[in-house]
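Just the structure for this:
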Amino acid sequence: MDIGVRLIQDGYKISQLFSKGVIHSHKRPASYYLKRHFVETRILSNLLNYHTFDYKKRGILSVQDITDQIFSLYNSLNLTIQLLQKNNYLDISQIFNTMKKEIPINYSIKVETKNSNQSLDQIFQQFYLPQKLPHENFLLEDYLAALIRFENFLKNLYLNISGLDEDFYDTLYKLFAIIVGDRLGGFSLQTQNQTQDKELEKITILLESGI
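Numbers count the residues shown, from 1 in each chain. Sure thing, here's the model as predicted:
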C-alpha cells in the first residue's frame, strides 16, 4: 500500500491483470483477523489520510463504552450460534434470517453460554474491563451488513447446506473480529490524539503484537 501510494503520487499507474487467477487462503484464528484489522486501520488511516468513524456522535466516549458494545455483541453472537446448533436448518435464507432476527435481540441479554471462540476469548480476557450492558450497539449495523454479504456469497455458490459445520461458525466469528478490529483501531487513533489512556495503550500493545 505504501509503495503503491508513492508510485501514484509520482505519476505512475497501477493495473490489474484479469487473465491470471490466484487461489490464496489461510487457516487462521479469528483473533488474527481482529489484530490484523486493528493494525491495518491505524496504518491505512494515516497512510491514505482518510477520516475515521465519528465515535462521539454514536456515544462512544471511552474505552469502557466501546468494549461494553464489543462484549455485548460477542455474547449475542455466542447465543445465536448456540441456537443454530440446536436446530437443523437446511436452507441458507432460513439460517441467515434467524441470525438477523436473533442477534439484535440477544445483544441486550446478559445470559451465560458455553459457546464462544477460544482465540477471541484469549484476547478479550486480557482487556480486564468490567462489563456493563449497553442500551444500543453501534457495531450491530456493521455486523448485520457483513452477514448479508456472506449470505449473498453463499447463495451465488449454489451451495446446499446439509448441516452447519465448524468452518461456517468460524466465519461468523471472523466477520465479527474484522469489524471489531476496524472500529477499535479507528477509536484508538481518534482517542490517542486527544488524551493518554493507559487502558487503551495496553489494548493497543496487545493487538499490535505479532502482526
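
list the buried ones in the lengthiest helix in the chain?
Longest among the helix segments of the chain by residue count, using DSSP state H, is helix 166-192. For helix 166-192, the neighbour count (16 or more other CB atoms under 10 Å) marks 169-170, 172-191 as buried. From N, CA and C alone the C-beta is placed, and that goes for glycine too.

tell me what it is packed against?
helix 30-48, helix 63-86, helix 118-124, helix 139-156, helix 198-208 (3 or more CB pairs under 8 Å, 6 or more residues apart in numbering; DSSP states H and E).

if you average pLDDT over the first one, what comes out?
When pLDDT is averaged along helix 30-48, the result is 91.

chain center to that helix, what's the gap?
Chain-centre distance of helix 30-48: 11 Å, with CA atoms, centre = their mean, to the nearest Å.

Please name every helix or strand in contact with that helix.
Against helix 30-48 (3+ CB pairs under 8 Å, 6+ apart) you get helix 2-9, helix 118-124, helix 166-192, helix 198-208.

buried set for that helix?
Neighbour-count burial for helix 30-48, with 16+ other CB under 10 Å as criterion, is recorded at 30-42, 44-45.

same check, this time on stretch 201-211
So for stretch 201-211, counting by 16+ other CB under 10 Å, buried means Ile203, Thr204, Leu207.

One more: stretch 141-154?
Applying 16+ other CB under 10 Å to stretch 141-154 flags Asp142, Tyr143, Ala146, Leu147, Phe150, Glu151, Leu154 as buried.

export that stretch as PDB, just CAs?
Listed next in PDB are the C-alpha coordinates belonging to stretch 141-154 (Å, rounded to 0.1, in the frame of the first residue of the first chain):
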ATOM      1  CA  GLU A 141     -25.300  -2.400  11.900                       C
ATOM      2  CA  ASP A 142     -21.900  -3.300  10.600                       C
ATOM      3  CA  TYR A 143     -22.200  -6.900  11.600                       C
ATOM      4  CA  LEU A 144     -25.600  -7.400  10.000                       C
ATOM      5  CA  ALA A 145     -24.300  -5.800   6.800                       C
ATOM      6  CA  ALA A 146     -21.400  -8.300   6.800                       C
ATOM      7  CA  LEU A 147     -23.900 -11.200   7.300                       C
ATOM      8  CA  ILE A 148     -25.900 -10.000   4.200                       C
ATOM      9  CA  ARG A 149     -22.700 -10.000   2.100                       C
ATOM     10  CA  PHE A 150     -21.800 -13.500   3.400                       C
ATOM     11  CA  GLU A 151     -25.300 -14.800   2.700                       C
ATOM     12  CA  ASN A 152     -25.100 -13.500  -0.900                       C
ATOM     13  CA  PHE A 153     -21.700 -15.100  -1.400                       C
ATOM     14  CA  LEU A 154     -23.000 -18.500  -0.300                       C
END
